[in-house]
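Engineer: Model the structure of this input:
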Amino acid sequence: MNIKRILSALESRLARHRKAAAGAAGALALLLILFFPLNLFSGTTVLVLVREDTTPETFARSLEKERVAAPSFLLEAAYSLARTGGVQPSSGYYALTGTDSLATFALKLRRSNLSQGIFRIPEGAPIWAVRALLEKNSLTTRDFTAEPDSTAAEALSEKYPELRDVIARAGEEQASRLQGSQGFSLEGLLAPDTYFYQQGKSDLVIAALAMRHQQKVLASEWAGRDTVASSMIRTPYEALVLASLIEKETGVKTDRALVSSVFHNRLRKGMPLQTDPSVIYGLGPGFKGPLTKADLRRDTPWNTYTRRGLPPTPIAAPSRLAIHAALHPADTRYLYFVSRGDGTSQFSETLGAHNSAVDEFIRKRKN
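Structural biologist: Model prediction:
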C-alpha cells in the first residue's frame, strides 16, 4: 500500500476521533453548565429580586453581590434562558437554593415560581388603574378585582376587622357628600407604595396592606397638622381628598405646599377650586382628552368649576408627601397657578397676574 495513502487514512481517522472527543467534551460541558448547582459553594438559599427592567447583566450582578459562586456568563445565561420566546418573569423574589442548577433556576424564573411577589401602587393612580394592575397580576386570586368597591370593602371588613372603622368612616363621609347618588369608593384609601406578598394569596391581601399603610400615614400626618389647616380641613378623610388634588396637580416637591396654599386660600374665600384633574376624574376612566370647555361645564360631583368646596372623594392615591402638604400649606396669598411646561408652576395672587402667566406659558406655547 502507498505510504502516503496510509498516512492520509490515519490522519483522517485521528481527525474524526478529535472531533468526536471535542463533541463529547462539549456535551459534557453543556450538561455541567445546565445541571451543576449554581450556589454549590455557599449552600445557602438566596432571595433574588427580579423587576420588569431586570437584564441578564443586572441579574448576574445582583447574584454576585450575594456571593453566589458562579461565573457571570452562567448567571446571565440563566436569565436569558428563562426569557426564551419572549417570556417575562414576574416581578418579585425568587429563591435560589443550594441545589438549584442553571436549568432548574431558569425554570423557576420562566414559570414565575416566586418565593415572594412584589406589587407597586403608583403615586397618583386612580382606583380603576390599581384594579387594572391587579387584574394583570397572575400570581394572586381574584377577590378584590372581581367585585365592585362596595363588595370588596365588605370583604375587607369581614376578613380584616381592624379595617372596619376606616371603611365605615369613609362610607359615612361619602354618603353625606354624595347624598346616596354613588356607590362606595375605595379611592384614596390605598397608599401608593411597593408591597410584598406570598404567591397564590388573594388580592385582598395587597389591598389590606395598602389600606393599613395609608391609615398609618394619615394618622401620623393628621396628628402633626398645622393649626391653619384645621380651619379648612375638618377630618382625616378631607385631608385625603385635598392631598389627592395636590398629587395630581404637581410632582415637584417645592411646589406641593404652594399648591396646597392656593386650595386652602380658595376654600377660605368660598371660591371654586377649579382644578382640572378633578373634572377629568368625574368624566370617568373612559375619558381620553383633551379637556374641552364643554367638559368643564359638564356637571358631576367632582366638577370643581361648577361646584364649590372639596370634591366628595379623593381622585387618586395620594403619597405621604402630598398628605403632608395638604396639612401644611405654605403661608401665601396665592389664588391661582398655571403650569410652566417644565413640571413647575407659576403662582399668582390676582386674576390679572394669572392671565399674564397664562399668556406667557400656555397661549404662546400653543402658537
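Engineer: What's the end-to-end length of stretch 301-313?
Structural biologist: Terminal residues of stretch 301-313 are spaced 9 Å apart (C-alpha to C-alpha, to the nearest Å).
Engineer: how many neighbours does Ala155 have?
Structural biologist: Using other C-beta atoms under 10 Å, Ala155 is surrounded by 17 other residues. All C-beta spots, glycine's among them, are computed from the backbone N, C-alpha and C.
Engineer: how near is it to Val130?
Structural biologist: Using C-beta to C-beta, to the nearest Å, Ala155 is found at 16 Å from Val130.
Engineer: isn't there a strand covering Phe119?
Structural biologist: Yes: residue state for Phe119 (DSSP: H, G, I helix; E, B strand; the rest coil) corresponds to a strand.
Engineer: any idea which helix or strand comes after the one helix or strand in the chain whose mean pLDDT sits lowest?
Structural biologist: Least confident helix or strand of the chain, by mean pLDDT, DSSP states H and E, is helix 3-35 with a mean of 50. Downstream of helix 3-35, the next assigned helix or strand under DSSP states H and E is strand 46-50.
Engineer: How about Arg61, nearest residue that isn't a chain neighbour?
Structural biologist: Of all residues not flanking Arg61 in the chain, Ser72 sits nearest, at 7.9 Å (C-beta to C-beta, 6 or more residues apart in numbering).
Engineer: Can you report how many residues neighbour the one you found?
Structural biologist: As a burial measure, Ser72 scores 14 neighbours (other C-beta under 10 Å).
Engineer: Surely it touches Glu64?
Structural biologist: Yes: if you go by C-beta atoms under 8 Å, Ser72 and Glu64 touch, sitting 6.8 Å apart.
Engineer: Excluding chain neighbours, what is closest to Thr44?
Structural biologist: Leaving out its chain neighbours, the residue that sits closest to Thr44 by C-beta to C-beta, 6+ apart is Gly98, at 6.3 Å.
Engineer: if I look at that neighbour, how far off is Val358?
Structural biologist: 65 Å.
Engineer: Lys108 now?
Structural biologist: In terms of C-beta to C-beta, Lys108 sits 56 Å off from Val358.
Engineer: the more surrounded of these two?
Structural biologist: Counting neighbours by other C-beta under 10 Å for Lys108 and for Val358 shows that Lys108 has the greater number, 20 against 16.
Engineer: How confident was the prediction at the more buried one?
Structural biologist: pLDDT, Lys108: 87.
Engineer: Understood, closing this out.
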